[in-house]
Structures are given as C-alpha cells and as structure tokens.
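In: Requesting a structural model of the entry that follows:
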Amino acid sequence: MAHPHRHPLPQPVPAAVHEIAGPSGPVRLPPLAGRLLAVLLDRPGAELSTGEIAMVLWRDTDRPAEPAAAVHTAMGRLRAALPAGAVARGRRGYVLAEPPEVVRRLPAPGARPVPGARPALRPVPSGPAGGPTTSASRAGPGSGPERPSVGRAAEREDFVGLLTTGGPGLLLRGPAGIGKTHLAEDLLATAESLGWPTVLLRCRSAIADVPLAAFAPLLGGDGVAPGADGGPLALLLAVRGAIGRWRGAGRLLIGLDDVDMLDATSLLLLDQLIAERALLPIATSRSGATLPETVARWCDEGSLVVREVAPLSAGQAAELGATVTGDALSPDESARLHRLAGGNPLHALAVIRAGAHRSGAAPGVGLREFVARRLQGLSGVEENALRLIALGEPLSPAMAEELVGEEVLTVLERDGLIAVADHRLPGKDVRSTDLGVAHPLYGEVLRAGTSPLAARAAYRRLLSAAERVPEAGRPGPLRRAGWASESGLGCPPEVLAAAVAEAARAGDADAVEQLSRLAWVDHQVIGAGVRWLSTALDRHPVDADRRSARIAVLAAARRGGAEDRMAAELLRFRELLWCVGDVPAAGQLVRDWSARAGAEGGMGRAASALALALQGRAERALDLSLPLVDAERPAVRAAASLAAVRSHTHLGAFDAALQLIDGYERAGRSDGVEDDHWSGALLGEAAAGLDIAAAQVLPLIQAGRCREAETVAAEVHERARTTGNRVARGTAALMWGEALAFRGLLVPGLARQLEAVSLFRVAGHRVRERWACEFAVLLAATIREDATVDALLQRISELVELPGIWGHRVDFARAEQSASRRDMSGAVTHQRLAVIGARRNGAVFEESYMADAIVYFGDPGEVVGRMSELGDRLGGLAAVLAGAARGMHRRDPAVLQEFSMQLHDCGVEDYAVRAAACTAEAWAAAGDQRSATGWAGRAAEWMAVCELGNATVPAPLLLVEPLTSREREIADLAAGGAGSRAIAERLMLSPRTVDNHLARAYDKLGIRSRTQLAGVIGAPGGYSTGR
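Out: Below is the predicted model of the structure:
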C-alpha cells in the first residue's frame, strides 16, 4: 500500500510562514510557491536536500516524473512571485531575502545519489522565534544555520578515511554547545558530496517515549496510514520501507543527534539494519549522558568509534571571531574570547555576537538572555546557589557544601552547571579538589548581573562559611581579603599581609597594589605602604596623592625599624634614579645609608652598583657588585647580580655575563627574592627575575647567538605580559626588539621598541623612556621611517639629560638618515661621531658594530685596525665583524666568503646579506662570474627572510643578477641530465623556450655549455638552490 508523503516536518508546512513583507505591503503567493517558501523557512537550509523538498511538495501519487526539474521550476515561480526587496520571515526565526539559485537533481529510484553539493538554502536567524518551537529546533545565538565551521579539518579527514573503508560509524561526544551536531551535519554533507545517501534524525526528550517518532521526517507529515491490522508492525514496516527508498542499493549514512534519547523500538530497528550493513551511523551524545545498552554494545563491538569533540583552541576561537565579524581580533580580544567561551563554539558565537569579547565590555542583554535560556528551569534557591558559587569560585567541596547544601549541589552537578576538578598542588605530593561554575561564560554573566547590594551580602555569606569549614577546605588569604573588601566588612591586617604576599608570588600586580594600599590606609602597615607605592611606581606616573602618601610612608618608616626605613629609602632611590633622573640625589641617599654602619647589610653598595652601571661606569660597578652576588640577603644578591651582568655586558664580556646569569638560577641565588620587600622596593614587584632573564639578550647577541637571543627575548616578553608590571613589560619588549633587529627583522623590531617607549612613558619612567627612544630611533632611521625618527628625536630632547651609555645611538641614527638621502659624506661624519661616543662611554661592543658601518659607508682602512683589536679582545660577533671588515678592506672574495657564512651562522641576517652582496661584487671584479652569481643568489635568499622595510638594498645586489626562479628550475633539471625536450614536456614549455632560459643562465653563471652546468649547480662557492 502506498503511504502519503507530504513533508518531513512536525507541523503543517504553510504554518511555518509568519509573514512576507514587500515594499508595497503583504505579498500573496501561489500555493506551490507558498509551500516551497514554507519549507525554506522551517529549517536551516543546509539540512534540506532536493529530495526532501520534493517529498514535501508532492505526494507519492502525484510526484512529477522529473522531481528535480519540477523543484527548479517551483523555485523560479517563487522567485518571480516575490517582488524586489521582499523579505519572508518564518515562525521559527529564520529570514529569507532571496531564494537559492541551485537545486540538486534527485537520484533515480534505487540508485545512489549523484555526488554534488547541497543546495545553498541558508536562511539566517532573525532573533527569537516568532512562533512556537519544538524540540527539533533551537533558537538562540550560535544555533542558527550561519554558524561557521572552524577547527574541525582533522575530524573531517578522519571521517573521510573511515568512509573509504566502509566504516565503522562515529559517536561524537562532548558537552553542550561544543559543536557535536554541527560537526555531524558537516560530516553528512561531506559524505553526500562523495555520493553517499544521507539523512539526519533528531532525537529529543519530548519524543523519547513515542516509538519510532524520530523517524517521522522519513515518513511525511501525515505519518502512516494503518494497515489491516492497524498495529505497530505496520509502522515498523513503513519505516523500514522508507529507509530502503532513501538508501537505494547502497548503505544509508544516518545521523542520530542525541542518540541517548532514542526509544527502545527505534534502537531495535537500527540494531537490525546495522547488522545487515544497511546503515552506517553518525551519532551524537552529550558528555555524561548514559548511553542505551544497544548503543554501548555498538561501541564495544566496533560498529561505532567514539570521538570526543575537542574544544576550540585560542587560535581557532580567534578564527571563528574573524569569520563572524569580518575583522581580525586583537590578541587581547582573542584571549578574552577564549577565556569566556572556554573553547565552546556555541558560547563563543554568543560572546562574539554580543560584543563581549572586546576588552572592558560588560555582558549585554543578548548574552544575558542566552545564559538565562541555558539556566531556565532552575528554582530560585538553585539559581542563587549558582550565583554564590560564581562569585566565590573556585571553592573546595567542603566550602561549597557549607555554603549552599549538599542537595542543591547535587542538582547543579546533575544539570551540568557546576564542575569538580582535581589537580596536584605545585611542589607537593598532594591533590586538591576545586568546584566552580561549569562554564566561564555563565560565571561571567552571573557575576556581572549581581547588584551591588546582593554582591555585598553574598561576599559576607562566603566569609561566614569560610570561618566554619576546616583549614584544609578554607580559601587562601588572597581570596578572603578580596571578599572582605567587597563585603564592606574590612579585613584584619594579618590576612591582608598574607594576601599581598600570595598575590606577589602569583605575579598579580593589580591585587598587590589594591590590597597593599588597603593595608596602609586602613591599618597603617608601613611595609604594605612601601609595597603599594613600589607596585604603583612601575605602573602609573607619580601623582599628587601618591606624593602625599610617599611622604607619610617615609615619615612612618623613619619612626619604625631599620627594615621598614631601608625599604622606604630604596623606593625613594629607585624613583630618583629612573623617574626623576637625579643621580646626585640618589647618590646622596646611598652615602646616608653608608653612614649607618651595618644597617643596610650591603644593600647600599648593591644599589650604588646599579646606578654606576646605568652611567656606564662598569668597572667601578663590578668592584662593588661582584663581592655581593652571594650575599645572604636575597634582595642584595638580586641587585648585585643585575648590576654585575649589566656591567659585564657594557664591557663586552659576554661570557662572564652569561655565567653570572646561569649561576643566579643554578646556584639558588634567586631563592627568596620575590618575598624580600627590599627587592620589590629597589627592583620593582615581581621584576627581579624578569630583569635578570631579559639581561641575557644582549650578551647572547654579543656572543653571536642571535637566534637564541630572539627565542629568550620572546619568552621573557610573554612572561612579563602577564605580570601587570609596565616597566618589566617595557624592558622585555625593548630587549626583544633589539634581538629582532640583529636578526634582520627590523620592522617587527621597531614595533617592539616603540611598545617599550609607550610602556615606560605611561609608567612615568623618564630615564627608561629615553633609553628606549635611543634604541628605537636607530631602527626607525635604518628603515627610513622619517616621521617616527622626528618624533623620537623630539621626545629625546624633552627628556632629562642623564650621563648614560646610549647617546651615541642618536648619531648612528643621523648617519642612517644621511645614507638614505645618498649623503655619504654626512653619513660617515655622523658615524664617526657615533663611534667616538661609544668609545667615550666604554660601550666597546657598540663601538665595534657602529665602526662596521664605516666599512660600507666610507673607507674600511679607517676602522679595520680598531675593529680587529676589539674582535681579538671580545671574540664572538665582534670578531666576525672584524673579519668581514678585513675582507672588505682587501677586497678579498675568499675572506669575505668565509665571514659572510659566519655572519649567517650567527643569525645576523641583514649583516650577512650585506657581506654576501659584497662577496658577489668582489668575485665579479675578480672575473669569476659563476661565483659572483652564486653569492648574489645567496644574498637574495638570505634577504628574503629579513623584514627590512624601506632600508636600502645593498648596492652589489644590483650589480650581479641572480638566476630567476624559472632559470634556476631549468638549470637544475639540465644539470641532472635532462634534455631540452624532456624539460619542455615536464614544464609544459617549448624546447626553444627552454634553450633560451639555459642560454641566459649560462651568461649569468659564466659558463658556455651544458657539460659545465653540473659542476656549477650546487658546487662549493657556486650557485645554491637553497640554504
């Protein structure tokens, strides 16, 4: 008996259309066009094949002989009936502004579908559904058809591999919103494009008790006309028959969304069909859901392979954001998006569409409504309990039970709204258990939606519960101090002190500043006052309020003990040295300490060494600092070690500097530094370790280990970025920029150095700002960023005049400016001034590489003797530069060749490019065209990895033309023995064209025949086709 098939939707199709609004009012459609529009508006278009559309529009008894053609005609009639500008809205929230152009031809009965893409039926959600919804459709952000597919390429590749072997099927598991259903839909679409017949069934709790209800879309809207017996058997047979028609002669790829919701009869039928190899399932199930026994058996027997759908990575979430918004997300926006969404695509889309990924953005109405829908069904008690957990998380289970009760926790855990995580405590063989809101987005919205009075009451409840639980389950002092502050109850000074220490160890500068200020204001704790001012000194310029506070803290410290007095004076010393630039006043402070015999325990000498290192008086700084690097006091060790490393670096003694840095960590000299409040007062909170790490960069460059220097600098920059300490971040950015510059990456190097200028300026560290400006102006001049150079020179003139060690960089920058204007006389004049300034300041490595520029701008004989002297004394990169200078002076291509390779091995790519270009010129002058072309090619290859901006290309590269990519390709093949005709066939060229390319290559390589080619390509000193 034939059964009617009107449509696969759970309600009459015409009811799906809410309204059709045209420019001149409502629009009326012919019946067939109206039914087609209803289909397009009822479900996301990607779920509809042409076959499904045909089953909706016509019964079996009146289906056209060519359904695909008839659907195409109906689409044309719909397009013709809708006036220009008309918009149709469906009751499920979808909008259609233009019918799709393409429909796919139905397969012949019993045949496999023709491979091809699904029709482009993608209506977009217009917001909340305008009419009733069912369990088969979800409204809300991220659930519509315009949800992009990101980060699932590996899963698709794995799935295609399974298809090629005929199975097994897949069970996709993961939490709500992770993208299981979306991935299943994509995999089905992939399979359909490969020629598999597919269908997706949505299993929902509302129909879980109705036998075979999930198969209703296969049978049509009218269900099954009862047979003679009128029993369930007719329905079962009808479903089997419908599956048979869908799959034709092959296996049907059947999607089972939320397979754990299937009824027993459906599972029985599927079990039979899978055993008969009639079906290949792709099922989804939420993590934690209990699988039916039949599905679990499929997994055990290998009919289903379980795949956990992984969260999106930070990069994939950023890609999703860029896809949705059309603009790339900034690093801060990407980090915030990943933190809020936790890798969940549905939540990520909700955050993006609400704009909550932007820094400082509060959750908007759309995001609050999204979370409210997820929390729908909670009682008031349960929602308040979840809010309390969100405000206090992470909590120990004992704390949570004391706060909201075991019964409520059980409900929240069952609904997947809270999660418990075990982790090992750092440095201890002990595991800790934390409880919190299951998803960061829910916690963010719940916290943002709590009124101030409700929040105060909640924090008081948290504090009260903390007092009643055992010590093992009690939150740490940092969190209790935060709750006390938010509750308005105040916090005891001992808890605040412990909280500040905990925040300092964690590198949380915001918490250190806020809590230490609270301890000073509320309890007049002198150490806390020093710590507050010390933390603020590295983050904001000194204002009137902080000046008043500093006076009060210093006055209190002088009345207190020696520890507090020294901490306050160290803070004043740091402010004078870096922010004010008053070195005489800072020196007077040190003399005052020295007058108090023994009171400072070596701290005064360590501080003096730092000031002397800043002024370039490196030898005197070493006399003071080296005896103190193993001092008993952690702060003295840190300050002395930093002063000694900077002094050795200034003198070019990179081996001694690197040994000191290695010993600082290996010998345990760093132990206790962050807990010593003298260290924070002198070096900055959480900055001592970062300063020592950043100090490695310049010695590594001097040693010719520039690639390692770049890696170290990038790691230190990443560590500093999380501290909230602007000075530490600026120092790390400055060193990273210098490492990038020596690597030939001038454009990103300048960006990092300008970042340092900005950070130091915001923090109010004028001396460090000038230091960074002098580094940046040289790079800006080299890449001919004239506006940046002018701005930096103007800023340098406004900053304090300090006896420093970097002023010669300004002369170097002016030399670069003159060179860019082809004023070589002016360039050499300024370069001489830079070399004289570096020598006067004792910066011998700087002198070496600045003299190197004269080798190329002017007369190498003027500086080659001094460079050789410095190279012999310093070694490392200075020795390599000296060797290259000797080659330039003698115009000796063999010497230039040797030191060009050494420069490349050191990782100083732009120096290597320049030396290789001069090598090419020297070989050309010697009449060796083959070697000249080879070295010109090598220089071009090395230049390709540089980012030189508008920097001048080395002139010799313009004199010797390297092989083009096509000439190189043909020369390689010919050198391997291939004839012109074989090369022509392989490259789809004519033999004559091949011969012409070879002739040009012969000219450039200085050879005359193919027989000489094999000896030239890849020969030592010859043309290299790669590094």
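
In: How about residue 174: what's its closest non-neighbour residue?
Out: residue 309 (3.7 Å; C-beta to C-beta, 6 or more residues apart in numbering). Yep, even glycine has a C-beta here, placed from its N, CA and C like the rest.

In: Verify the stated contact: that neighbour with residue 173.
Out: Yes: contact criterion C-beta atoms under 8 Å: residue 309 and residue 173 qualify, at 6.8 Å.

In: List the contacts of the residue nearest to residue 174.
Out: Listed by C-beta atoms under 8 Å, 6 or more residues apart in numbering, the contact partners of residue 309 are 155, 172, 173, 174, 178, 179, 180, 183.

In: Could you rerun that using 7 Å?
Out: Going by C-beta atoms under 7 Å, 6 or more residues apart in numbering, residue 309 touches 172, 173, 174, 178, 179, 180, 183.

In: Let's verify the second one: helix, strand, or coil?
Out: Spelled out, that is residue 173. Secondary structure for residue 173, judged by DSSP: H, G, I helix; E, B strand; the rest coil, is strand.

In: My guess is residue 184 contacts residue 284. True?
Out: Yes: the pair residue 184 / residue 284 is scored as a contact, 5.4 Å apart, by C-beta atoms under 7 Å.

In: which neighbours do the two share?
Out: Joint contacts of residue 184 and residue 284 (C-beta under 7 Å, 6+ apart) are 172, 257.

In: about what we covered before: of the contacts of residue 309, which is the nearest to residue 626?
Out: Using C-beta to C-beta, residue 178 is the member of those that sits closest to residue 626, with 57.8 Å.

In: Thought residue 344 was touching that closest one, still the case?
Out: Yes: if you go by C-beta under 7 Å, residue 178 and residue 344 touch, sitting 5.6 Å apart.

In: Overlap in contacts, the two.
Out: With C-beta under 7 Å, 6+ apart, residue 178 and residue 344 have common neighbours residue 311.

In: how many neighbours does the closest residue in space to residue 375 that isn't next to it in sequence have?
Out: Of all residues not flanking residue 375 in the chain, residue 383 sits nearest, at 6.3 Å (C-beta to C-beta, 6+ apart). Each residue near residue 383 was counted by other C-beta atoms under 10 Å, and the total is 16.

In: and residue 383, that one's in a helix?
Out: Yes: counting by three-state DSSP, residue 383 is located in a helix.

In: Isn't residue 420 up against residue 435?
Out: Yes: using C-beta under 7 Å, residue 420 makes contact with residue 435 at a distance of 5.0 Å.

In: Among those two, which residue is more densely surrounded?
Out: Per other C-beta under 10 Å, whichever of residue 420 and residue 435 has more neighbours is residue 435, with 22 against 14.

In: Three-state assignment for that one, please.
Out: strand.

In: Specify the beta-bridge partners of it.
Out: Counting by DSSP bridges, residue 435 forms beta bridges with residue 395, residue 420.

In: Kindly state the pLDDT recorded for it?
Out: We have a pLDDT of 85 for residue 435.

In: Okay, it and residue 838: tell me how far apart.
Out: From residue 435 over to residue 838 the distance is 60 Å, taken as C-beta to C-beta, to the nearest Å.

In: which ones are touching residue 998?
Out: Here residue 998 is in contact with 970, 971, 974 (C-beta under 7 Å, 6+ apart).

In: pretty sure residue 932 is touching residue 920, no?
Out: Yes: with contact defined as C-beta under 7 Å, residue 932 and residue 920 form a contacting pair (4.9 Å).

In: With neighbour numbers in mind, choose between these two.
Out: Between residue 932 and residue 920, counted using other C-beta under 10 Å, residue 920 has the larger neighbour count: 31 against 27.

In: Please, which helix or strand holds residue 515?
Out: In the assignment (DSSP states H and E), residue 515 maps to helix 509-523.

In: For that helix, enumerate the helices and strands it packs against.
Out: Based on contacts counted as 3 or more C-beta pairs under 7 Å, 6 or more residues apart in numbering; DSSP states H and E, the elements that helix 509-523 packs against are helix 477-487, helix 493-506, helix 526-537.

In: Between the contacts of residue 309, which sits nearest residue 623?
Out: Nearest to residue 623 among those, with distances taken as C-beta to C-beta, is residue 178, at 63.1 Å.

In: where along the stretch 101-250 of the chain do the strands fall?
Out: In the stretch 101-250 of the chain, the strands defined using DSSP state E, counting those that start in this stretch lie at 124-125, 169-174, 198-202.

In: did I read that right, residue 992 in a helix?
Out: Yes: read with three-state DSSP, residue 992 is one of the residues of a helix.

In: Residue 378 - how many residues pack around it?
Out: The number of residues near residue 378, taken as other C-beta under 10 Å, comes to 18.

In: Under a three-state scheme, what state does it occupy?
Out: Criterion first, three-state DSSP; result for residue 378: coil.

In: helix or strand for the closest residue to it other than its chain neighbours, which one?
Out: Spatial nearest neighbour of residue 378, excluding adjacent residues (C-beta to C-beta, 6+ apart): residue 386 at 7.0 Å. If you go by DSSP H and E, residue 386 is part of helix 380-392.

In: Just the mean pLDDT for that helix, thanks.
Out: On average, helix 380-392 scores 89.

In: quick check: angle from that helix to helix 477-487?
Out: Helix 380-392 and helix 477-487 are oriented at 120 degrees to each other (axes from the mean of the first three to the mean of the last three C-alpha atoms, to 10 degrees).

In: export helix 380-392 as CSV, just CAs?
Out: Backbone C-alpha positions of helix 380-392 (Å, rounded to 0.1, in the frame of the first residue of the first chain) are rendered in CSV as follows:
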residue,chain,number,x,y,z
GLY,A,380,15.2,30.4,42.9
VAL,A,381,17.2,28.6,45.5
GLU,A,382,19.3,26.8,42.9
GLU,A,383,19.9,29.9,40.8
ASN,A,384,21.0,31.8,43.9
ALA,A,385,23.3,28.9,44.9
LEU,A,386,24.9,29.0,41.4
ARG,A,387,25.4,32.8,41.7
LEU,A,388,27.1,32.3,45.1
ILE,A,389,29.4,29.7,43.6
ALA,A,390,30.2,32.1,40.6
LEU,A,391,31.1,34.9,43.0
GLY,A,392,33.4,32.7,45.1
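
In: Show me how far the following helix or strand past it is from its chain's centre.
Out: Heading C-terminal from helix 380-392, the first helix or strand you meet, by DSSP H and E, is helix 397-404. Relative to its parent chain, helix 397-404 has a centroid offset of 36 Å by C-alpha atoms, centre = their mean, to the nearest Å.

In: buried set for helix 397-404?
Out: 398, 399, 400, 401, 402, 403, 404 (16 or more other C-beta atoms under 10 Å).

In: if you skip the residues just before and after it, what's nearest to the fourth one?
Out: Distances taken as C-beta to C-beta, 6+ apart place residue 409 nearest to residue 401, at 6.4 Å, with adjacent residues excluded.

In: picking that back up, and the helices and strands packed on helix 509-523, which is most packed in?
Out: Mean neighbour counts were compared across the helices and strands packed on helix 509-523 using mean count of other C-beta atoms under 10 Å; the top stretch is helix 526-537, at a mean of 27.
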